[in-house]
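S.K.: okay, sequence plus prediction incoming.
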Amino acid sequence: MLRTARFAFTMARRSITRRKFRSALTILGIIIGISAVVSLMTLGIGMKSQVESTLNEMLGAGIIINSSTYGIDIPEHVQYYVSQVPGVNKSIPIIMSMVYIGNKPHTVVGIDPEQANEVYQVTIEDGRGLRSGDMDAVVLDSTIASNLGVKVNDTITFNTQTGGLGKTFKVVGIIRPIASFGQFASIGCFITLDAAQDFFGTPDRVSSILIRLDDPSQGEQVEAILKQMFPDANVLRQEEIMSNINRIMSTIDGVLLGLASISLMVGALGIMNTVMMSVHERRREIGMLKAVGGERWHILIIFLSEALLISFIGGVFGCIFGLGGVYLIQWFVKTLGLNIIVPLLISPQILALGLMAALAVGSVAGFYPSWKAANVRPVEALRYE
Amino acid sequence: MSNVVELRNVVKTYDLGGAIKVDALRGINLNVERGEFMSIMGPSGCGKSTLLNIIGGLDSPTSGQVIIDGIDITHMSERDLAHIRREKIGFVFQFFNLVPLLTALENVQIPMIFAGRYSNAEIKERAIELLRLVGLEHRLHHRPNQMSGGEQQRVAIARALANEPSIILADEPTGNVDRETGLKIIHLMKNLNETLGQTFIIVTHDPDIAHISKRIIYMLDGQVIPEPPRLTMNPSSSILAEERRKMLLSELKWLEVSIKNLEAKKMKLNKESYLQAKLGYKKRLEMLKKALQEEYKGRR
Ligand SMILES: Nc1ncnc2c1ncn2[C@@H]1O[C@H](COP(=O)(O)OP(=O)(O)OP(=O)(O)O)[C@@H](O)[C@H]1O
Ligand SMILES: [Mg+2]
């Protein structure tokens, strides 16, 4: 058995190297399929973990109250009532809104510098952080800063709309990018709450109140109370947001995987075709192998190993190219100037899965032609030249 | 049990669908003794290959009984037949049928790999030994396309011997090499037969090659006939001129041998029957020579 398998692999190896061009095309088919699977799954997992950590950072495992109009119209003192709700550990009023810098939209967060660390993980790379009373200071994350081409002590102008009259802020600090998730919210531009209220012309108003809970498991209760207290407001619980986002993500995952499986299917057809041709060309050889005592399973193994070897090579290169594909997407996103960090999490599970998918495709696609080979009638195969 | 092959009333009919049937073998009875070196001759389509395939367990008869090495293989399953082929039979084909991807050494190993009788080291050792036996120790790592036809056929013979089979079946082993090489190959087989004692059954069209063997059987239309096909039988038009010529030649050889035997046994026979036989042979010899002359004229 083992000996036959080893012998079969020797033959498979030589058969593949003899028909280089044909084998290369077949392997390419598998590479495309597997690299699609690997890169899409890596992206999917990376995006999911990204979203999760972002939400964690943004919400600090809690609840966010937004204005139902998504404007800046929640009276700041509401925060006091919120803080009195049992189960609420900390409540922080913020303004999160959109401004134009140049003519690109950015999300700006106005927050009390003293409380910023309660919800955001801030690491200063250059300059300093915000201080209370800073009215024209801005802190940017390094991605935005490099996109805008500014350094510490440079100035940038905020506009409420394109072309409008702006206000100039001085960049006082650059921080490491806080996790973000795509267009939904990329948070990387901070001013003080006072400055934001001043800029937007909304004194004593905020757009959201971030709430940290004493105990995350009380989320539902606290949410219910808040909803009663502020029926007009939009109360979002993190878990809820998370499950919504997860739903969207798994839909995206499904679509991507669907695409990947179609390309895998094409690869499978390639293998089937190659092995079929090999069986056809080697009919006489099969007849001989049976004449010298080969049984069905001997022949089956010989041809199946050709399919498996092709798919194994395709799988290995597919994994490599799949990871390369993720880098490519990262680079692409960057050159487009989109402010999205596509994380790259190389997970050994995905690579193992990619390889296994390749072998599964190979054995399924190779089985039919190999079975045909195993059932060749030796007398007929040997009769004619 | 000295018979290594016993065929009893073996019939093979191919059903081509509809009412069309081809009788490839029509009641063959044949015993082959262990260690025999035997040739089968006969015109194309007379059923030689079919017979060989049935003896070798590649094909099953429509009726009758096939006993190989004392084992009745007539109704064996495909698996058991594969086992018989592996252990008892060695095939040599007209078109060599080596695996082009493998070296001579690897080709010889195939039957042993399937059989699982020897260890890996033994397999390799044995394969080298067998190739030495057929005079190819300098071609171990050559691929079939790097060898001459004769060399390829010798590799095939080594492969046939791999599992120490009882019977070697060769279907026109010289059909694809020149005459001289063909004769060398037959002599090699003959030597192997004498040294190793295996039974050889060889299908051939070449009377010279056939006459190297002690025993020749002739076939015609799916039957074994006691003597070479006679002229008076008026060979059917389906037989090609080339075939006909070969048949005539082989009969000539047969007659010559028969006359020699007759002379040798002269003393034991009574005069009457001796003279009668001699007269009969003479007549046929003349007819045969005339027919052959016409044959050659016709060819020109
Ligand atoms: N699978 C088959 N189906 C139908 N007819 C067959 C089949 N195999 C053989 N035959 C027929 O059986 C007869 C004997 O064939 P066989 O191959 O045994 O002849 P042969 O003596 O070996 O001829 P040759 O010298 O040309 O090799 C032929 O008439 C052939 O056409
Ligand atoms: Mg034949």
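M.R.: Yes, it's here. Ligands and ions are numbered 1, 2, ... in the order given.
S.K.: return the distance of the residue of the stretch 251-385 of chain A found nearest chain B relative to residue B:111.
M.R.: Residue of the stretch 251-385 of chain A nearest chain B, by CB to the nearest CB: residue A:293 (2.6 Å). C-beta: built from backbone N, CA, C; applies to glycine. Using CB to CB, to the nearest Å, residue A:293 is found at 6 Å from residue B:111.
S.K.: spell out which parts of the stretch 1-150 of chain B neighbour ligand 1.
M.R.: Within the stretch 1-150 of chain B, the residues that sit near ligand 1 (CB under 6 Å from any ligand atom) are B:14, B:16, B:22, B:24, B:42, B:44-50.
S.K.: could you rerun that using 8 Å?
M.R.: Applying CB under 8 Å from any ligand atom, we find that the stretch 1-150 of chain B lies next to ligand 1 at B:12, B:14, B:16, B:22-25, B:42-53.
S.K.: tell me which residue of the stretch 1-150 of chain A lies closest to chain B.
M.R.: Distance from chain B to each residue of the stretch 1-150 of chain A (CB to the nearest CB) is smallest for residue A:14, at 4.1 Å.
S.K.: can you count the residues close to residue A:175?
M.R.: 22 (other CB atoms under 10 Å in any protein chain shown).
S.K.: pairing partners for it in the sheet, please.
M.R.: Bridge pairing for residue A:175 (DSSP bridges) gives the partners residue A:124, residue A:141.
S.K.: how does chain A divide into domains?
M.R.: Chain A breaks down into these domains under automatic domain parsing: A:2-54+A:245-383, A:68-232.
S.K.: tell me the most buried of those domains?
M.R.: Among the domains of chain A, domain A:2-54+A:245-383 has the highest mean neighbour count (mean count of other CB atoms under 10 Å in any protein chain shown), at a mean of 19.
S.K.: start to end distance for that domain?
M.R.: 31 Å (CA to CA, to the nearest Å).
S.K.: stretch B:132-152 too?
M.R.: End-to-end distance of stretch B:132-152 (CA to CA): 14 Å.
S.K.: is that stretch up against chain A anywhere?
M.R.: No - contact of stretch B:132-152 with chain A (CB under 8 Å from any CB of the partner chain) is absent, the minimum separation being 9.5 Å.
S.K.: list the buried ones in that stretch?
M.R.: Buried residues in stretch B:132-152, counted by 16 or more other CB atoms under 10 Å in any protein chain shown: B:133-134, B:136, B:139-140, B:142-144, B:147, B:149-152.
S.K.: any part of the helix or strand harbouring residue A:309 near chain B?
M.R.: In this structure, residue A:309 sits in helix A:296-335 according to DSSP states H and E. Yes - residues of helix A:296-335 contacting chain B under CB under 8 Å from any CB: A:296, A:298.
S.K.: how far off centre is that helix?
M.R.: Its chain's C-alpha centre lies 21 Å from the corresponding centre of helix A:296-335 when counted by CA atoms, centre = their mean, to the nearest Å.
S.K.: what packs against it?
M.R.: For helix A:296-335, the helices and strands in contact under the criterion 3 or more CB pairs under 8 Å, 6 or more residues apart in numbering or on different chains; DSSP states H and E are helix A:2-18, helix A:20-59, helix A:238-281, helix A:283-291, helix A:348-374.
S.K.: one more time with 6 Å
M.R.: Contacts defined by 3 or more CB pairs under 6 Å, 6 or more residues apart in numbering or on different chains; DSSP states H and E place helix A:296-335 against helix A:2-18, helix A:20-59, helix A:238-281, helix A:348-374.
S.K.: helix A:20-59 and that one, what's the angle between them?
M.R.: Put simply, helix A:296-335 runs at 50 degrees to helix A:20-59, going by axes from the mean of the first three to the mean of the last three CA atoms, to 10 degrees.
S.K.: any stretches of the chain with poor pLDDT?
M.R.: Picked chain A for this. Scanning chain A with the threshold set as pLDDT under 70 gives A:50-61, A:162-164, A:179-186, A:336-345, A:384-385.
S.K.: wrong one, I was asking about chain B
M.R.: B:1, B:227-243, B:265, B:268-269, B:295-300.
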